[in-house]
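# Show me how the following folds:
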Amino acid sequence: MRGIRRVLFPTRAGLRPFWNGKEKAKYKPFKKWFLLIKTLRIFVTMPDKLIIKSISRKGRLATVSLSDETELLLLQSMVERHRLRSGLEISAEQINIIKAESDFIRADHHLGYMLGARSYSIGQASQRLAQKGFDKTIIGQVVKLYIERGFLDDAKFARELVSAALRHKPAGRGYLLARLQSKMIPNAIARATVEECLRDVDEYSVAFQLLEARWNYLSKFDLETARRKAYNYLSRRSIGYEAARQAFEKISQEE
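Next up, the predicted model:
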């Protein structure tokens, strides 16, 4: 049987010589043949029906175990709606419908768990769900639900991020903008948020605050070395030269 299976359904390794070197174009028809056989293999091995082995219930949820060792997470109401019970034989069409509902429940629970730990942008949440292997359609549905609930809000997330940065370790426009974009905040929202939060913030005050917190380290060097290090540090945080110069002159004179 193993030999017959190998003839009917060859592996890609068995056809590998056809893809290499100058003979690739010559054997191009074999590639199409391989893809056709691969599709046929999936179709032939796909079960038409499965049997429900068991259903375990906990609160509003139920875990449905199938005969192929697959476990589906469903709401109790879904189990009742589909009239699922142990020993029931279900068709491939029913399996696809129930699996889509199970994937939605799992994605919903996973995103809720994520947001319970900390905030995420819409882009970050979608990316994390994709990394967990959820389908794009399921991700779109779950993310839309959380946006409607108010748990995913890029504008609110961006304001909180910038406000926290300005409180603990302030920076200039470019630095804050890059930080928001690294969190997958859309460019328009990022720019609007940075402009709003920095509207009443003086760049010189920000530069002075940063140098004041770092002066114990800078004061160990001679004046010119300290100046160079201070300018480089402030530049990395997107503080302009003039504001950096004024702040350094002020703090060095006070010390």
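# drop to CA atoms for contacts and neighbour counts, all remaining ones
OK.
# In terms of secondary structure, what does the longest helix anywhere in the chain contact?
In the chain, with assignment by DSSP state H, the single longest helix is helix 92-117. Other elements packing on helix 92-117 under the criterion 3 or more CA pairs under 8 Å, 6 or more residues apart in numbering; DSSP states H and E are strand 71-75, helix 122-131, helix 136-149.
# Give me the buried positions along that helix.
95, 98-108, 111 (16 or more other CA atoms under 10 Å).
# Show me the domain layout of the protein.
Listed domain ranges for the chain are 2-45, 49-149, 154-197, 203-254 (source: automatic domain parsing).
# Lowest mean pLDDT across these, which one is that?
Of all these, domain 2-45 carries the lowest average pLDDT, namely a mean of 45.
# Helices along the stretch 151-255 of the chain, start to end?
Along the stretch 151-255 of the chain, the stretches classed as helices by DSSP state H, counting those that start in this stretch are 154-168, 173-182, 187-197, 203-218, 223-236, 241-254.
# can I get those in a markdown table with distance to R118 and mean neighbour count?
Conversion of those to a markdown table gives the following (distance: least, CA to CA, whole Å; neighbours: other CA atoms under 10 Å):
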| stretch | distance to R118 | mean neighbour count |
| --- | --- | --- |
| helix 154-168 | 11 | 17 |
| helix 173-182 | 16 | 18 |
| helix 187-197 | 19 | 16 |
| helix 203-218 | 27 | 18 |
| helix 223-236 | 27 | 16 |
| helix 241-254 | 34 | 15 |
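# Turn those helices into TSV, including distance to K53.
Shown next, in TSV, are the helices of the stretch 151-255 of the chain (distance: least, CA to CA, whole Å):
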stretch	distance to K53
helix 154-168	44
helix 173-182	46
helix 187-197	50
helix 203-218	64
helix 223-236	60
helix 241-254	70
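# which stretch among the helices and strands packed on helix 92-117 comes nearest I239?
Minimum separation from I239 across the helices and strands packed on helix 92-117 (CA to CA) falls at helix 122-131, 28.0 Å.
# can you list contacts of the closest one?
With contact meaning CA atoms under 8 Å, 6 or more residues apart in numbering, helix 122-131 is reached by 107, 110-111, 136, 139-140, 143, 152-154, 183-185.
# mind listing what's buried in stretch 69-87?
71-75, 78-79, 84.
# What is the most widely separated pair among those residues?
E71 and M78 (14.7 Å).
# ok so, going back, which among the buried residues of stretch 69-87 gets closest to R228?
L73 (59.9 Å).
# Report the separation between that closest one and I97.
13 Å (CA to CA, to the nearest Å).
# just D154 next, same as before
From D154 to I97 the distance is 32 Å (CA to CA).
# cool, and R245?
The value you get for R245 to I97, if CA to CA is used, is 65 Å.
# next one: Y146
Y146 sits at a distance of 22 Å from I97 (criterion: CA to CA).
# Which secondary structure elements does the longest strand along the chain sit against?
Counting by DSSP state E, the longest strand found in the chain is strand 49-58. Applying 3+ CA pairs under 8 Å, 6+ apart, we find strand 49-58 packed against strand 61-66, strand 89-91.
# just those: most buried one?
strand 61-66 (a mean of 19; mean count of other CA atoms under 10 Å).
# Adding distance to A192 as columns, could you present the buried residues of stretch 69-87 in JSON lines?
JSON lines is the format used below for the buried residues of stretch 69-87 (distance: CA to CA, whole Å):
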{"residue": "E71", "distance to A192": "46"}
{"residue": "L72", "distance to A192": "43"}
{"residue": "L73", "distance to A192": "41"}
{"residue": "L74", "distance to A192": "41"}
{"residue": "L75", "distance to A192": "41"}
{"residue": "M78", "distance to A192": "44"}
{"residue": "V79", "distance to A192": "47"}
{"residue": "L84", "distance to A192": "51"}
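# Between the residues you listed, which sits nearest V206?
Closest to V206, out of all of the buried residues of stretch 69-87 and judged by CA to CA, is L73, at 51.4 Å.
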